[in-house]
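> Here is a sequence with its predicted model. Questions after.
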Amino acid sequence: MDENEYIFMKFKRYNYKKKNDQEMFEHSHNFMQLMLSRRSIRDFSSKAIPDIVIKNILKTAISSPSGANKQPWSFVVVNSKGLKKKIRIAAEQEEKKFYEKRATDEWLKDLNKFETNWEKPFLEEAPALIIVFRQSYDNSGSKKRKNYYVNESVGIASGFLLAAIQNAGLVCLTHTPSPMGFLEKILERPKNEKAYLLIPIGFPKKDAQVPVLDKKPYNESVKVL
């Protein structure tokens, strides 16, 4: 096929199911309440997650929109205790450098209220880890092909993922040790992939605690013109 020849997308009618005003309010309110209850958890139970639940959560994430439908992401689920241990060791090495050398005094001051440190036991305690990778280019064919709006697309997919985790009745933590190149090595990912998020997922321990946080008021975050 000529390189200049265009392949046109097939289209079908969108099956839109209309809701009345009351239904829209109820659905939006219920989802809002669900997401308002979401918290980052660092204390996990060892209870296993059914495989089908993980699969449904990831199917939700990969349904996300992306630039030119390039879907520039991949998700790796780690259940293996051996791999989780390797990931924890490597993550803690980077976190120790961060807390002792890389972080500014201002950054450490902002983190102090959360009482976190370089030790990350949740990476082994959680029953599963989901690692999100961003694909800087597509190498699935005979040559490299450009991906578009990669960070934006992977960010949206990660939002879908977090909402799906919450909807399933599970908890998680968005963990971002920096740099995260160790994940690409441990999990033997292709060269076009870079780690984007490391997400422990599971059930909270019975005595799990979360900090009391204040969110910005609606009028401070939103402007209607």
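Cool, got the structure.
> Tell me the buried residues in stretch 210-225?
Buried positions in stretch 210-225, judged by neighbour count with 16 or more other CB atoms under 10 Å: none. Every C-beta, even on glycine, is put in place using the N, C-alpha and C of the backbone.
> Same check on stretch 91-98?
91-92, 94-95, 98.
> Show residues contacting that stretch.
Outside of stretch 91-98, the residues within contact range by CB atoms under 8 Å, 6 or more residues apart in numbering are 117-120, 123, 175, 177-180, 182, 198.
> so where do the strands sit in this structure?
73-78, 128-135, 137-138, 145-146, 171-172, 193-202 (DSSP state E).
> Show me what the fourth one is packed up against.
What it means is strand 145-146. strand 137-138 (3 or more CB pairs under 8 Å, 6 or more residues apart in numbering; DSSP states H and E).
> Give me the sheet partners of the strand it packs on and which way each runs.
strand 145-146 (antiparallel) (DSSP bridges).
> quick one: contacts of the partner strand?
Contacts for strand 145-146 (CB under 8 Å, 6+ apart): 137-139.
> what ranges of this structure fall below the confidence cut-off?
1-6, 141 (pLDDT under 70).
> tell me the centre residue of it?
The chain has S158 as the residue nearest its centroid, 4.0 Å off, counting by CA atoms, centre = their mean.
> circling back: check the contacts of stretch 91-98 for burial and list the buried ones.
Buried among the contacts of stretch 91-98 by 16+ other CB under 10 Å: 120, 123, 175, 177, 180, 182, 198.
> and the fourth one, how far is that from L170?
With the distance defined as CB to CB, to the nearest Å, P177 ends up 22 Å from L170.
> just the last one next, same as before
Using CB to CB, we find L198 at a distance of 16 Å from L170.
> Please apply the same query to P65.
24 Å.
> again with S178
25 Å.
> repeat for S46
Look at S46 and L170: by CB to CB, they are 14 Å apart.
> so what's L83 closest to, chain neighbours aside?
Spatial nearest neighbour of L83, chain neighbours left out: I186 (6.8 Å); criterion: CB to CB, 6 or more residues apart in numbering.
> what residues are up against the one you found?
I186 touches 83, 86-87, 90, counting by CB under 8 Å, 6+ apart.
> The nearest residue to Y149 once chain neighbours are set aside and N147, how far apart?
Counting by CB to CB, 6+ apart, G67 is the residue found nearest to Y149 once chain neighbours are left out, at 3.4 Å. Distance, G67 to N147, by CB to CB: 7 Å.
> out of those two, which sits in the busier spot?
N147 (21 against 16; other CB atoms under 10 Å).
> Now the common contact residues for G67 and N147.
S153.
> quick one on the thing from earlier: go through the strands of the chain and pick out the most buried.
strand 171-172 (a mean of 24; mean count of other CB atoms under 10 Å).
> what's the distance between the residue nearest to L83 and I131?
9 Å.
> hang on, the earlier thing: so which of S46 and L170 has more stuff around it?
L170 (19 against 11).
> quick one, what contacts that one?
49, 53, 57, 201-203.
> Which parts of this protein are helices?
21-36, 51-61, 81-97, 105-112, 122-125, 150-167, 181-186, 218-221 (DSSP state H).
> Now tabulate those helices in CSV and tack on distance to F75.
Listed next are the helices of the chain as CSV, based on distance: least, CB to CB, whole Å:
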stretch, distance to F75
helix 21-36, 21
helix 51-61, 5
helix 81-97, 15
helix 105-112, 28
helix 122-125, 17
helix 150-167, 8
helix 181-186, 12
helix 218-221, 29
